[in-house]
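Peer 1: using only what follows, build the 3D model:
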Amino acid sequence: MYGAEASEIYELLHQGRGKDYRSEAQEIARQVRARMPGAVSLLDVACGTGAHLEHFRPVFDRVEGLELSAPMAESARRRLPGVTVHTGDMRDFSLDASFSAITCMFGSIGYLADPGELASALRRFTRHLRPGGVVAIDPWWFPETFLDGHVATGTTTEDGRTLARVSHSVRVGDASRIEVHYLVADAATGVRHFSETHLISLFSRRQYEAAFTAAGLSVEYLDGLHNGRGLFVGVLETPTA
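Peer 2: A predicted model of the protein is given here:
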């Protein structure tokens, strides 16, 4: 879960590394409408600072977000006045609303600790879906596609502030541990450094598909999207209890 410091620079750094939130949101909307042409509402789970929500907003009548990190959720609210952003956990959230589509982007589903939590989250998703509704999940890496020891870097400059990010990823059991270091520099405050460590599960394709099926969703895996991680898309054929 990201803290206040990272929430300020998270999106800028990933955009500097080439992440295209607009095109990703457009592709998700296309996949949703291919399965539910009348889709009018969307909940983005683990919505972060609202970068995808910003681009979902023009193509759905109603959008909402759910985010565990309070600083991230507050950033999303500032970014999107009038859009409801709930602070909550994907494993046990309960909203008084249902949606045509529920999304979980940028590998955030990997923050669930084990297949049991994955199954619980998918059941929560279906409880908030309309019949025929669509779930789209951008997964984290599979065990066989994760690069043990991978180093990633990124820098960007905006409004007189330079940001740099370096990360190192290693496999620990069935998860990836990512140590991330940030440098933030500007004329007024000089250079600041902070770091974070993330533990992200390496679920297999079979585990994802089993969680979809157990939650009452059909499931299709679309290879090649989202920097090679792919996309899982499921449809709720009948209401679940």
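Peer 1: just give the nearest non-adjacent residue to the residue nearest the centre of the chain, would you?
Peer 2: The centre of the chain sits closest to Met105, judged by CA atoms, centre = their mean, with a distance of 2.8 Å. Taking CB to CB, 6 or more residues apart in numbering, and ignoring the residues beside it in sequence, Met105 has Asp138 as its nearest neighbour in space, at 4.7 Å. From N, CA and C alone the C-beta is placed, and that goes for glycine too.
Peer 1: for Ile28, helix, strand, or coil?
Peer 2: Secondary structure assignment for Ile28 (DSSP: H, G, I helix; E, B strand; the rest coil): helix.
Peer 1: on that earlier part again, for the residue nearest to the centre of the chain, give its distance to Val170.
Peer 2: With the distance defined as CB to CB, to the nearest Å, Met105 ends up 24 Å from Val170.
Peer 1: which residues does the residue nearest to Met105 contact?
Peer 2: Residues in contact with Asp138 (CB atoms under 8 Å, 6 or more residues apart in numbering) are Glu24, Thr103, Cys104, Met105, Phe106, Gly107, Ser108, Ile109, Leu225, His226, Arg229, Leu231.
Peer 1: quick one: least confident of these?
Peer 2: Taking pLDDT as the measure, the contacts of Asp138 have their low point at His226 (81).
Peer 1: spatially nearest residue to that residue (excluding sequence neighbours)?
Peer 2: Nearest residue to His226 in three dimensions, chain neighbours excluded: Asp138, at 4.8 Å (CB to CB, 6+ apart).
Peer 1: and the pLDDT at that neighbour?
Peer 2: Confidence for Asp138, expressed as pLDDT, is 96.
Peer 1: same thing with Gly228?
Peer 2: So Gly228 comes in at 87 (pLDDT).
Peer 1: next one: Glu5
Peer 2: As summarised for this prediction, Glu5 has a pLDDT of 57.
Peer 1: what's the answer for Arg17, then?
Peer 2: In this model, Arg17 is scored at 60, pLDDT.
Peer 1: distance of the residue nearest to His226 from Arg161?
Peer 2: With CB to CB as the criterion, Asp138 and Arg161 are 28 Å apart.
Peer 1: hey, which helix or strand in the chain has the poorest pLDDT?
Peer 2: When each helix and strand of the chain is scored by mean pLDDT, DSSP states H and E, helix 4-16 comes last, with a mean of 62.
Peer 1: so Thr49 makes contact with Met72?
Peer 2: Yes - when contacts are counted by CB atoms under 8 Å, Thr49 is listed as touching Met72 (5.7 Å).
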